[in-house]
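Asker: Quick one: sequence plus predicted model below, questions after.
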Amino acid sequence: MKNIAILGATGSIGSSTLEVVRNNPDKLRVRAITGGKKWQQLAKQALEFKPDLAVIADKSAYDLLKTALAGTSIKVEAGADAVIAAVEAEPLDAVVAAIVGAAGLLPVMAAIEKGRQICLANKETLVVGGSLVMQAIKKADVDLLPVDSEHSAIFQCLQGSPEKSLNKIIITASGGPFRTFSREQLLAVTPEQALKHPNWDMGGKITIDSATLMNKGLEIIEAHWLFNTDYDNIEVVVHPQSIIHSLVEFSDGSVIAQLGWPDMRLPIQYALSWPQRWSPPVPALDLVRVGSMTFEAPDLNRFACLAYAIEAGRAGGIMPCVLNAANEVAVAAFLKRKIGFTEIPALIRRTMDSFTNQPAKTIGQLLEVDTQAREKAAAMLTNGVN
C-alpha cells in the first residue's frame, strides 16, 4: 500500500489521480489532499477518500470546508503554509504535485526535503527552479517521476536503455485548436475558443498554454532538467492526433515512441506504480481505429510563446522564472478579456526584455524575481501591452 498526498486535488490532474486511486484501492491510500478555492469539490473528495488531512489554500473558505467535514476525523487546515505542510503528513510515501503554476514550487521543495517520492505534474517547478530542484533531488536521493504525458512517454522509452545512449528527445504537440489559423484569425480568438482543446480535457491555464504552444516551451525546459539533455537535442513535432506522446532517438539512430489514447490516467498511474505496471486504467490503443497519424513542424512566428520559452531556457538563470511569471499574468488577463490572444506573447516579450539575466542562486531569489516579473507585467497591462 502506497500512502500519497495530492497537491491540487481539485484540478484536472488531481481528479484523474483520484480516479486512479479509486480503481486501485488495494494499492493506494490518500493521506492528504489540497485544493485552491474549490472547497465544495475538496469536501466531496475528502468525504469519499477519507484522508487524514484536507487543506484549502484560500483561507476565506476554511470555515466552509470545516463545516462540510464536521463529524469526520479529517483534519482541516487553510492557507499557503498549510499546503506546504501537507507534505509532512505521516505516513506518506509519495506526493503527486499537481498545483498549477509557480505556486507548486515551495510544496515540491518541502516534499523533497522530507524524502518523499515526487510524482511531478507541475512543470513550472522545474521551469522556475530547475537547477535548484535537481540539486535538492540529488541531495535527498528521492525519485522524481514525471506525470506529464510527454515526459512520462520519454521516461518510459528510456527504461532499460544504456547510459549515454540518448541522442535526441522528440516532444509531440497537438498544435492546439488554432494550429491552422492565420495571423489575422488569431487576432480575433476568444477565451471560449481557446478553452476548447481538440484532444485533451485540462484546466483553463494549461489549455490556454496549449493553444499558444507555451505548454510545449515549458515542457522543453522541463525535459532539459528531467533528462539532463541539451536544448540542441530536444525537438518539438506537431502531431494533431495526440496518439504518440513523445519519442526518443538513440545513439544508433533507433527511435522509440510511447503511444496511447490522450488520457492522463495512464501517465499518472505509471508514476504511482513505477517500476511496476498495473491493470490498464484506459482501453488499450487500437491502431485501426486511429487510422492515420500526421506530423509537421511548429510555426514559431505564429506561436511566438514557444520561441520565447526556448530562448529563456537556453539563457538559463532567472529568465525561465521571468517567462513563467509573465505568462501566468498574461493568460489570466486573456481569460478576463483584458488582452487579446496575440497580446499574450507580446506581454511576455516585454517583460523578459525588462530584466537583466543573472544566475539562479536560491529559491528565495527566484520567488522575489517571480513577484517582480508579475508586478512588471501587471503594470504593462495597465499601460497597454503594445
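Answerer: All right, it came through fine. Numbering: from 1, shown residues only.
Asker: The strand or helix carrying residue 245 pairs with which strands?
Answerer: Element membership for residue 245 (DSSP states H and E) is strand 244-250. In the sheet containing strand 244-250, its partner strands are strand 166-173 (antiparallel), strand 255-259 (antiparallel), by DSSP bridges.
Asker: could I get those as CSV with mean neighbour count and mean pLDDT?
Answerer: To be clear about C-beta, it is placed using only N, CA and C from the backbone, and glycine gets the same treatment. Output for those, formatted as CSV (neighbours: other CB atoms under 10 Å; pLDDT from 0 to 100):
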stretch, mean neighbour count, mean pLDDT
strand 166-173, 22, 97
strand 255-259, 16, 97
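Asker: for those strands, which one sits closest to residue 27?
Answerer: strand 255-259 (22.1 Å; CB to CB).
Asker: my guess is residue 219 is in a helix, correct?
Answerer: Yes: counting by DSSP: H, G, I helix; E, B strand; the rest coil, residue 219 falls inside a helix.
Asker: For it, give its distance to residue 101.
Answerer: Residue 219 is 15 Å from residue 101, where distance means CB to CB, to the nearest Å.
Asker: Let me see the ranges of the helices in the stretch 101-250 of the chain.
Answerer: 105-113, 124-140, 149-158, 183-187, 191-194, 204-212, 214-226 (DSSP state H, counting those that start in this stretch).
Asker: which other residues reach the shortest one?
Answerer: If I follow you right, that is helix 191-194. With CB atoms under 8 Å, 6 or more residues apart in numbering as the test, helix 191-194 has contacts from 177-178, 207-208, 211, 334-335, 337, 341.
Asker: Give me the nearest residue to residue 335, chain neighbours excluded.
Answerer: residue 191 (5.2 Å; CB to CB, 6 or more residues apart in numbering).
Asker: any idea how far the one you found lies from residue 333?
Answerer: 10 Å.
Asker: Look at the two and report which has more neighbours.
Answerer: The residue with more neighbours, out of residue 191 and residue 333, is residue 333; 20 against 16, by other CB atoms under 10 Å.
Asker: Filter the contacts of helix 191-194 down to the buried ones, PyMOL style.
Answerer: A single PyMOL command is used to select the members of the contacts of helix 191-194 judged buried by 16 or more other CB atoms under 10 Å:
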select buried, resi 177+178+207+208+211+334+335+341
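Asker: ok, and the closest non-adjacent residue to residue 174?
Answerer: Closest to residue 174 by CB to CB, 6+ apart is residue 242, at 4.8 Å.
Asker: next one: residue 217
Answerer: Nearest one to residue 217, counting by CB to CB, 6+ apart, is residue 309 at 2.2 Å.
Asker: Please identify the helix or strand for that neighbour.
Answerer: Going by DSSP H and E, residue 309 is in helix 304-315.
Asker: So what touches that helix?
Answerer: Residues outside helix 304-315 that contact it (CB under 8 Å, 6+ apart): 209, 212-214, 216-218, 220-221, 224, 231, 236, 298, 300, 319-320, 322-323, 327, 344-345, 348-349, 352, 357.
Asker: try it again with 7 Å
Answerer: Contacts to helix 304-315, defined as CB atoms under 7 Å, 6 or more residues apart in numbering, come from residues 212-214, 216-218, 220-221, 224, 231, 236, 298, 300, 319-320, 323, 344-345, 348-349, 352, 357.
Asker: Check those for burial and list the buried ones.
Answerer: So, by 16+ other CB under 10 Å, the buried ones in these are 212-214, 216-218, 220-221, 224, 236, 298, 319-320, 323, 344-345, 348-349, 352.
Asker: any idea how far residue 36 is from the residue nearest to residue 217?
Answerer: Residue 309 is 24 Å from residue 36, by CB to CB.
Asker: Look at those two and report which has more neighbours.
Answerer: When residue 309 and residue 36 are compared on other CB under 10 Å, the one with more neighbours turns out to be residue 309, at 27 against 19.
Asker: State which helix of the protein is the longest.
Answerer: If you go by DSSP state H, the chain has its longest helix at helix 363-383.
Asker: Counting neighbours, what do you get for the residue nearest to residue 174?
Answerer: Residue 242 is flanked by 20 other residues according to other CB under 10 Å.
Asker: hang on, it packs against residue 262?
Answerer: Yes: between residue 242 and residue 262 a contact is recorded at 4.2 Å, counting by CB atoms under 7 Å.
Asker: Spatially, what comes nearest to residue 366 if we skip its sequence neighbours?
Answerer: Residue 366 sits nearest to residue 321 (CB to CB, 6+ apart), 5.1 Å away.
Asker: Could you check the angle the helix or strand hosting the one you found makes with helix 204-212?
Answerer: In this assignment (DSSP H and E), residue 321 forms part of helix 319-335. Counting by axes from the mean of the first three to the mean of the last three CA atoms, to 10 degrees, helix 319-335 lies at 100 degrees to helix 204-212.
Asker: Quick one: residues in contact with the very next helix or strand once past helix 319-335.
Answerer: Tracing the chain C-terminally past helix 319-335 and defining elements by DSSP H and E, one meets helix 343-353 next. With contact meaning CB under 7 Å, 6+ apart, helix 343-353 is reached by 212, 304-305, 308, 312, 319, 322-323, 326-327, 330-331, 334, 339, 373, 376-377, 380, 385-386.
Asker: And stretch 134-148, by the same measure?
Answerer: 13, 109, 112-113, 115-121, 123, 152, 155, 219, 225-226, 267-268, 271, 274.
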